[in-house]
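In: Structure for this input, please:
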Amino acid sequence: MEKLDTNTSKEERFCHFSENYKQIYLSLTYSIIFVLGLPLNGTVLWLSWRQNKPWSCATIYLVNLMVADLLYVLTLPFLIITYSLGDRWPFGELLCKLVRFLFYTNLYSSILLLTCISVHRFLGVCHPLRSLPYRTRRHALLGTATTWALVVLQLLPTLIFSQTDYVDGHMVCYDMTSPENFHQFFAYGMVLMLSGFALPSLVILVCYSLMVRSLTKPEEGLMRAGSTARAKSIRTILLVCSLFALCFVPFHITRSLYLTLLYLPAQNCQLLMVASLAYKIWRPLVSMSSCLNPVLYFLSGGNNRVRLFQELRHNKVGEHPAGTKGERPRGEQIWILPR
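Out: Numbers count the residues shown, from 1 in each chain. Predicted coordinates:
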């Protein structure tokens with residue numbers, strides 16, 4: 001997910017960092033994410049819309065996850081064009097604020113929705129009977145609504161911090177904030193990291209630790225969860241842990257280190273350069289979650305994969321004229337400084 005870089009802070013300009021790699025690296029990575037993320041998330045939403053039965057709790061969480069991904073993916077063409085132009089932002093301040101806001105919205109709504117999915121799976125595995133009153137569609141809808149409300153409230157300050165400015169004669173879109181507002185943004189960024197990433201990660205870690213302990217006890221695991229539910233739980237654990245290990249953890253570690261070094265009064269140019277490079281390399285890679293989240297949908301249950309193949313086969317045979325072998329009735333559709 002993106003962050004518009006520019007010749008960022010006074011410290012970086014003083015240290016004479018070369019960031020020419022961004023023009024190729026960021027344009028290429030965002031293009032790949034756009035090409036993969038748009039059809040993958042669009043397919044999941046299409047399959048969910050055509051589903052002939054009420055959505056399960058897991059489907060409600062995953063559909064909201066795909067909506068967040070799709071909103072972000074649709075902003076990537078602006079970033080691709082900007083980096084192709086060498087960090088020039090030609091779209092005005094309103095779109096600058098919107099693109100920044102949607103990046104963080106996707107990031108932290110994804111983390112919170114994955115937390116909801118993990119808690120839901122934990123209750124189903126470790127407390128299958130006692131948790132039945134809480135594992136309902138009503139509670140899933142309440143959970144997603146609460147998630148969106150919390151994310152929007154947390155991220156409202158980004159609409160103030162994100163802004164455009166002129167650097168070396170061309171307009172740039174600051175990812176975090178302008179250099180003069182950096183000290184205020186640093187405090188906000190650290191609080192956001194703790195509340196939006198560290199705390200949900202701790203909840204997920206506790207849930208999965210208890211699930212693994214339960215599932216690795218043969219008699220108790222089989223008694224609490226059938227073989228199908230057991231396989232779903234194992235897939236969920238592996239996939240969510242992989243998402244955090246590949247996308248969210250490296251991003252937040254490198255970002256926190258980068259911001260901390262910028263905040264310190266004494267600057268070590270070599271250390272700052274390494275932190276800046278690591279952060280800006282991992283920055284677009286956190287966006288890979290937009291391509292990996294749909295995989296969670298298809299691997300969370302065999303029915304999702306089967307339905308995809310059935311829909312594709314139905315569309316193919318449905319091309320036959322009416323009355324031929326391919327015809328069949330259709331069921332009713334229910335339903336931070338610049339980077």
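
In: before we move on, what SS does S287 have?
Out: Per DSSP: H, G, I helix; E, B strand; the rest coil, the local secondary structure of S287 is helix.

In: so what pLDDT did it get?
Out: We have a pLDDT of 88 for S287.

In: Pull the number of nearby residues for it.
Out: 26 (other C-beta atoms under 10 Å). No exception for glycine: its C-beta is placed from N, CA and C like everyone else's.

In: Same question for the one 5 residues further on.
Out: Counted with other C-beta under 10 Å, the burial measure for L292 works out to 18 neighbours.

In: Report all helices and strands that the strand or helix carrying it contacts.
Out: Using DSSP states H and E, L292 sits within helix 289-299. Contacts defined by 3 or more C-beta pairs under 8 Å, 6 or more residues apart in numbering; DSSP states H and E place helix 289-299 against helix 21-49, helix 57-73, helix 92-126, helix 227-243, helix 302-317.

In: quick one: the first one to helix 289-299, angle?
Out: Same thing as helix 21-49. Calculated by axes from the mean of the first three to the mean of the last three C-alpha atoms, to 10 degrees, helix 21-49 forms an angle of 30 degrees with helix 289-299.

In: By neighbour count, which bits of helix 21-49 are buried? Give me those.
Out: Buried residues in helix 21-49, counting neighbours by 16 or more other C-beta atoms under 10 Å, are found at 22-23, 26-27, 29-31, 33-34, 36-38, 40-41, 43-45, 47-48.

In: surely M176 meets L192?
Out: No - with contact taken as C-beta atoms under 8 Å, M176 and L192 are classed as non-touching, separated by 10.7 Å.

In: Between the two, tell me which one has more neighbours.
Out: M176 (26 against 20).

In: and that one, what helix or strand is that in?
Out: Here M176 is assigned to no helix or strand, by DSSP H and E.

In: Could you pull up phi and psi at it?
Out: Dihedral pair for M176: phi -90, psi -70, per degrees, to the nearest 10.

In: what about it, distance to S201?
Out: 21 Å (C-beta to C-beta, to the nearest Å).

In: now this structure, which segments are flagged as low pLDDT?
Out: 1-17, 218-230, 300-339 (pLDDT under 70).

In: and with 80 instead?
Out: Across the chain, the ranges flagged by pLDDT under 80 are 1-20, 51-53, 216-236, 266-267, 296-339.
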